[in-house]
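In: Build me a structure from this.
(2 chains)
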Protein chains: 2
Amino acid sequence: MKALIISADNFEDTELLVPYYRLLEAGMEVDVASMGKGTIKGKHGYDVTVDKTLGEVNPDDYDLLILPGGKAPETIRREPKALDIARRFFDMGKPVSAICHGPQTLISAGLLKGRRATCYKTVAREMKDAGAIYEDNEVIVDGNLVTSRQPSDLPAFMRETMKKLAS
Amino acid sequence: MKALIISADNFEDTELLVPYYRLLEAGMEVDVASMGKGTIKGKHGYDVTVDKTLGEVNPDDYDLLILPGGKAPETIRREPKALDIARRFFDMGKPVSAICHGPQTLISAGLLKGRRATCYKTVAREMKDAGAIYEDNEVIVDGNLVTSRQPSDLPAFMRETMKKLAS
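Out: Now for the predicted structure:
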């Protein structure tokens, strides 16, 4: 089993690192993808090595997509290749887990219309405008889609993400 | 099941937060204990609420003790009550998981003599001097004791910690 995390500089550190370490704990391979190679730096200063550029990613190689929050999604959502990757996961019905500002990438990809989802409170307005059925809950599961609001939701977020992988 | 995390200011953020969220994901209750109430702040700026002072802790209420690293253990190891709590976990054969500088508290409590263990590389000398059988590995399990070296070992550290809880 293989997971893909898409992020960029100014990611919310725990929202990337907690899923990253959790998936490795479960014996999965995890690739981090971003615009360029090298490292990306979190808001709290953690450096994470980039395994692949967005252009190098073949979404068919992965079983799960994780979209952490922070300020990174504001950059990621402007990358057509990132939106294409997200769309391919949805087309194939593969699990996509997005937390905090992470769902912004799914909004830009036009993937949330009619879907139940949550996000960081300041993103709620644009999530509703994108046609999502927004709910203020620690985790919302709708088919392949798992969403949460903030770092304190990480336990519920990862519990539901791990269930998707087991099913 | 209930876990206790003992730490203080300048903890290594991921070494506290990754186990904290992982145990909550598994449905456990988790208390954070420190010298005083309020919050403690990690090296990277994360604030964590303190649930109990060391004096309020009854170790018999818990099934697992976690000792994260960073600079916090330098403070914790000078607290006689923290050493007593660690000794009680060992007396009862309950799981104790310590990472990075976390084992310094166990060194000060005199609990590592003849035990296989690992730690952050700069702690290795004093671990050996305390009579431990030091090994440079991502995780070392010796009876109730689980030890790791650094944040990148967190997947192995939590995998073995979760196994202890299941056994």
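In: quick one: contacts of stretch A:130-140?
Out: Identification of contacts with stretch A:130-140 by CB atoms under 8 Å, 6 or more residues apart in numbering or on different chains yields A:107, A:110, A:112-119, A:121, A:124, A:127-128, A:146-149, A:152-153, A:156-157, A:159-160. In this view, the C-beta of every residue, glycine as well, is placed from N, C-alpha and C.
In: 6 Å instead, please
Out: A:107, A:112-113, A:115-118, A:124, A:127-128, A:147-148, A:153, A:156-157, A:160 (CB atoms under 6 Å, 6 or more residues apart in numbering or on different chains).
In: That stretch: how far from the chain's middle?
Out: Here stretch A:130-140 is found 15 Å from its chain centre; the criterion is CA atoms, centre = their mean, to the nearest Å.
In: What sits closest to A:E29 if chain neighbours are left out?
Out: A:K2 (4.5 Å; CB to CB, 6 or more residues apart in numbering or on different chains).
In: which ones are touching that neighbour?
Out: Counting by CB under 6 Å, 6+ apart, A:K2 makes contact with A:E29, A:Y62, A:D63.
In: Is it correct that A:D13 is in contact with A:G45?
Out: No: at 7.5 Å, A:D13 does not count as touching A:G45 under the criterion of CB atoms under 6 Å.
In: shared neighbours of these two, which are they?
Out: Between them, A:D13 and A:G45 share no contacting residue under CB under 6 Å, 6+ apart.
In: what about A:L17, distance to B:V57?
Out: 28 Å (CB to CB, to the nearest Å).
In: The two - which one has more neighbours?
Out: More crowded of A:L17 and B:V57, by other CB atoms under 10 Å in any protein chain shown: A:L17, with 24 against 21.
In: That one and A:D91, how far apart?
Out: Distance of A:L17 to A:D91, given as CB to CB: 29 Å.
In: count of neighbours near the closest residue to A:G110 other than its chain neighbours?
Out: Once flanking residues are discounted, A:G110 sits nearest to A:A130: 7.5 Å by CB to CB, 6+ apart. For A:A130, the count of nearby residues is 21 (other CB under 10 Å).
In: Could you report the pLDDT at A:A130?
Out: Predicted confidence (pLDDT) for A:A130: 98.
In: hey, where'd the strands end up in chain A?
Out: Using DSSP state E, the strands of chain A run over residues A:2-6, A:29-34, A:38-41, A:47-50, A:52-53, A:64-67, A:96-99, A:116-117, A:133-134, A:140-142, A:145-148.
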